[in-house]
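> No sequence on hand, only this structure:
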């Protein structure tokens with residue numbers, strides 16, 4: 001796991017709007033089966049971090065699935081340990097941000113291989 005310390009001086013609503021626009025534009029870069037795989041991974045993450053809000057964004061180089069400030073019970077649950085094993089074996093990157101969020105990044109270049117494994 002690595003830490004992502006990028007911070008923005010912009011108001012939160014501006015960042016949220018910009019992220020939604022980027023995601024909608026970048027979604028077109030992903031084949032439907034790749035988008036379904038992203039939804040599949042998001043579902044696994046949601047079931048592991050069921051006490052926390054989870055959302056997915058599309059970027060140019062990866063699908064970003066964010067767990068918004070997971071609670072302590074989720075961080076030490078057996079479901080999360082199983083999820084992390086699954087994520088690690090597929091080369092999906094896990095990043096913890098300075099704000100306490102956890103971001104899973106599914107690289108676009110890896111998707112053709114990963115879709116066959118779902």
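Alright, I've got the coordinates. Please read these numbers as outputs of a predicted model, since none were measured by experiment.
> contacts and neighbour counts: CA atoms only from here.
Noted.
> how about low-confidence regions in this structure?
For the chain, the stretches with pLDDT under 70 are 1-8, 117-118.
> All the helices of it, in order from the start?
In the chain, the segments counted as helices under DSSP state H are 12-27, 32-48, 72-75, 78-89, 111-115.
> among the ones you listed, which is the most enclosed?
helix 32-48 (a mean of 18; mean count of other C-alpha atoms under 10 Å).
> picking that back up, now the helices of the chain in JSON lines, with distance to residue 62?
Below are the helices of the chain laid out as JSON lines (distance: least, C-alpha to C-alpha, whole Å):
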{"stretch": "helix 12-27", "distance to residue 62": "9"}
{"stretch": "helix 32-48", "distance to residue 62": "10"}
{"stretch": "helix 72-75", "distance to residue 62": "24"}
{"stretch": "helix 78-89", "distance to residue 62": "14"}
{"stretch": "helix 111-115", "distance to residue 62": "9"}
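> Looking at those, which is nearest to residue 103?
helix 32-48 (10.3 Å; C-alpha to C-alpha).
> Could you find the closest non-adjacent residue to residue 27?
Distance criterion C-alpha to C-alpha, 6 or more residues apart in numbering; nearest residue to residue 27, sequence neighbours excluded, is residue 58 at 5.4 Å.
> What's opposite that neighbour in the beta bridge?
As for beta bridges, residue 58 partners with residue 63 under DSSP bridges.
> Any figure for the gap between it and residue 31?
Per C-alpha to C-alpha, to the nearest Å, residue 58 is found 12 Å from residue 31.
> show me the contacts for residue 58.
The contact partners of residue 58, taken as C-alpha atoms under 8 Å, 6 or more residues apart in numbering, are 22, 23, 24, 26, 27, 64.
> gap between the residue nearest to residue 27 and residue 52?
In terms of C-alpha to C-alpha, residue 58 sits 20 Å off from residue 52.
> and if you look at residue 31?
28 Å.
> Neighbour count for these two, which is higher?
For residue 31 and residue 52, the more surrounded residue by other C-alpha atoms under 10 Å is residue 52, and the numbers stand at 17 against 12.
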